[in-house]
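Engineer: A structural model of the following input is requested.
(2 chains)
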Amino acid sequence: MRQVRWGILGLATAAVAAASGWSMWGATPEAPPARTEAAEARPGSPADLTSEVRALRAELEALRRGHGHLLQRVESVGRSAPLPVPEEAAAPATRAAAPTAQTLATLEVAREERRQELEAELQAAAHTEPRDREWAGQTETLVTRAFSGPDFAGSRLTRVDCRTRMCVLEVEHDAAEARAELLSSLMRVNGLQGQAVMRRADDGSRLASRIYLSRAGESLPMTLRP
Amino acid sequence: MKKSLSFVSKSVAALAMLSTLPAFAGTATYSGALCTSVSGFHNPTVFRSGRLLNSNANTLEVVCPIQRNIAAPSFSESLSVSVTALDPHLTENVCCTATVAEKDGSSLASSSACSSWGADTANHNSFSINLPSVFAGVNGYVSLRCVLPGQYTSGSSTYASVLASFVVTE
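Structural biologist: Modelled structure (predicted):
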């Protein structure tokens, strides 16, 4: 009985050994890659390091490609980025060069108000300034004589009132042309080289102007903003 | 190539930003050659330097255009013109008048000044005119008119008055 047991165990061992030998022999042609992989996959082995280096190189290549794409995008953005700058910078200039009708109307209202302020200042000075008899008399005569000359054809002096540093002239015109040339003609008169401001004082169908004229070399009493 | 494009685009941007500057007040210099005679058949002599001379025996009157150096809404209320001239005449002066007018030519304000340094046959000098330009509308314009004395003769020498240039500050 003991011999039988040992015989069965021996057969079994032989069968196992045969089976394992057969299996090892049958798998041999297909096994090398698996064994190689198993060998390469072993941590720390040269094959593992080679594989890792290969993977890192692939990753580095991918990173380089990505970096290249990013650089291209940055450059393209860099090329297009300045474009909005001139548009933004030019926008105020465009608005300044071609303001809207509403803006112009607002500006014109503000300018007209400012003009009235300055004229009120001139008017106040004309009323309050003391009279320099000598200069005022000479200048009133000079202005009156000048209006009889050919340069003032079409314009009539209706009133002249001089003070110390300025005179107020009231003039009627036959036509707009005469009014347009009046200041140029007035400034040509020797002894009247100063500042002059003219404003329209039309009365119905009558063309009229009021002129504030400063003493030669003097400025009109206006507080101008810088 | 990319660097060139980048440089060009940056230059365009810089120029565009600089182009906004004229929207603000500034100065501009003009040569006397821009002026035109309004003295009938008396024409000025213009040198290649751009200086304008009165080589006639009679007084010469010229008108000079001025481009307003501002844009809405950056209006300033005053304008000054500095005229550089040669005035060799012993008894007469170079006199200029700046005028601000509406776009149809209607004068609104004027200011004038003359050379007051006496006769100087060798050196150019300057005098200034201050003009209240606030009276002009949005499309109003400014012009300068100058009167140059006729040639001045001293002994065997003859001297011509000169309008060299003018600087407009607005």
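
Engineer: Can I get the helix or strand harbouring A:E172 in CSV? Just the C-alpha atoms.
Structural biologist: Following DSSP states H and E, the helix or strand that holds A:E172 is strand A:166-173. Backbone C-alpha positions of strand A:166-173 (Å, rounded to 0.1, in the frame of the first residue of the first chain) are rendered in CSV as follows:
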residue,chain,number,x,y,z
MET,A,166,-10.1,151.6,-24.5
CYS,A,167,-12.7,153.0,-26.9
VAL,A,168,-16.1,151.9,-27.8
LEU,A,169,-17.2,152.4,-31.4
GLU,A,170,-20.7,151.9,-32.8
VAL,A,171,-20.8,151.5,-36.6
GLU,A,172,-23.5,150.9,-39.2
HIS,A,173,-22.8,149.0,-42.4
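
Engineer: Is chain B within reach of that strand?
Structural biologist: No: Strand A:166-173 does not reach chain B (CB under 8 Å from any CB of the partner chain); its nearest approach is 10.8 Å. Backbone N, C-alpha and C define where each C-beta goes, glycine included.

Engineer: Name the residues that touch that strand?
Structural biologist: Surrounding strand A:166-173, the residues in contact under the criterion CB atoms under 8 Å, 6 or more residues apart in numbering or on different chains are A:122, A:125-126, A:129, A:136, A:139-140, A:143, A:147, A:154-162, A:179, A:182, A:201, A:206-215, A:218, A:220-221.

Engineer: what lines up beside that strand in the sheet?
Structural biologist: Next to strand A:166-173 in the sheet, as set by DSSP bridges, lie strand A:155-162 (antiparallel), strand A:207-214 (antiparallel).

Engineer: Now do the helices in chain B.
Structural biologist: For chain B, the helices defined by DSSP state H cover B:2-18.

Engineer: And what about A:Q138, helix, strand or coil?
Structural biologist: helix (DSSP: H, G, I helix; E, B strand; the rest coil).

Engineer: And for it, the neighbour number?
Structural biologist: Taking other CB atoms under 10 Å in any protein chain shown as the neighbour definition, A:Q138 ends up with a count of 13.

Engineer: and A:E112, helix, strand or coil?
Structural biologist: Here A:E112 takes the helix state, with states given by three-state DSSP.

Engineer: pLDDT wise, what is it at?
Structural biologist: You'll see A:E112 listed with a pLDDT of 84.

Engineer: And it, how far from A:A105?
Structural biologist: In this view, A:E112 and A:A105 are 11 Å apart by CB to CB, to the nearest Å.

Engineer: cool, B:N93 as well?
Structural biologist: Using CB to CB, one obtains 44 Å as the distance from B:N93 to A:A105.

Engineer: So these two - more neighbours on which side?
Structural biologist: When neighbours are counted by other CB under 10 Å, B:N93 comes out ahead of the other of B:N93 and A:A105, with 21 against 12.

Engineer: if I pick the more buried one, what's in contact with it?
Structural biologist: B:N93 sits in contact with B:87, B:114-116, B:149, where contact means CB under 8 Å, 6+ apart.

Engineer: Same check on A:S219?
Structural biologist: By CB under 8 Å, 6+ apart, the residues touching A:S219 are A:194-195, B:111, B:130.

Engineer: again, only using 6 Å
Structural biologist: A:Q195 (CB atoms under 6 Å, 6 or more residues apart in numbering or on different chains).

Engineer: my guess is it is in a helix, correct?
Structural biologist: No: remark: A:S219 does not belong to a helix; assigned using three-state DSSP, it is coil.

Engineer: where does it fall, phi/psi-wise?
Structural biologist: Summarising the backbone geometry of A:S219 under the convention degrees, to the nearest 10, its torsions are phi -100, psi 150.

Engineer: Could you report the pLDDT at it?
Structural biologist: Model confidence at A:S219, expressed as pLDDT, equals 88.

Engineer: same deal with the one 4 residues further on?
Structural biologist: Each residue has a pLDDT score; the one for A:T223 is 86.

Engineer: Equivalent analysis for B:F41, please.
Structural biologist: So B:F41 comes in at 79 (pLDDT).

Engineer: Also A:A15?
Structural biologist: 55.

Engineer: Just give the nearest non-adjacent residue to B:P149, would you?
Structural biologist: The shortest distance from B:P149 to any non-neighbouring residue, by CB to CB, 6 or more residues apart in numbering or on different chains, is to B:E92 (3.7 Å).
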